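1. Here's a sequence, model it:
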Amino acid sequence: MADRRIELFRALLGALERLDFDEVGQLISEEAVFDFPFRAANPSTCGRDAIVADLQQGMGGFLREMTFNIQAIHPCEDPELAVAEYTSRGVTVAGRAYANRYAAFLRVRDGRIILFREFFNPQAALAARG
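-> Residues are numbered from 1 along each chain as shown. Okay, the predicted model is just below:
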């Protein structure tokens, strides 16, 4: 039997790789929260429409292409929660290389993502911005 948490983690990262923010919107709950504790501005965004707009502006305005490599997804004892470790490689809209490492928590409720909390190296993002 497939684990919905793992399916949603993979689907979310796939949509983000393609910069397909409409698909991201289909994966998340209307009440979802996306947290980026190490992001300097707006570390938390609440609600599907606000999250999609935030990702579209942030990632869409920063990256031309992106790929993720998942090292591990750990389903937790809590049936709603999973933790993942992954890396990224990409190219910014300015043509600079971007690479980062991540750890993220994903909470699923009623078949959709209700929480996505991602920890990454903000220095790598700043360096890629120039």
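
2. got the residue ranges for the strands in the protein?
-> With DSSP state E, the ranges of strands along the chain come out as 28-35, 44-46, 63-75, 81-92, 97-109, 112-120.

3. Quick check: which of those strands is nearest to Arg4?
-> Closest to Arg4 of the strands of the chain is strand 97-109 (Cβ to Cβ; 5.8 Å). Quick note: C-beta positions are derived from backbone N, CA and C, even for glycine.

4. so how far is Asp78 from the closest residue to Arg112 other than its chain neighbours?
-> With sequence-adjacent residues excluded and distances taken as Cβ to Cβ, 6 or more residues apart in numbering, Arg112 is closest to Ser29, at 4.2 Å. Remark: distance between Ser29 and Asp78 (Cβ to Cβ, to the nearest Å) = 17 Å.

5. Name the residue in those two with the higher neighbour count.
-> Legend: neighbour count by other Cβ atoms under 10 Å for Ser29 and Asp78, higher for Ser29 (18 against 9).

6. I figured the more buried one hits Arg48, correct?
-> Yes. Counting by Cβ atoms under 8 Å, Ser29 touches Arg48, with 6.9 Å between them.

7. Roughly how far does the residue lying closest to Gly60 once chain neighbours are set aside sit from Ile28?
-> Spatial nearest neighbour of Gly60, chain neighbours left out: Leu19 (5.8 Å); criterion: Cβ to Cβ, 6+ apart. To Ile28, Leu19 is 16 Å away according to Cβ to Cβ.
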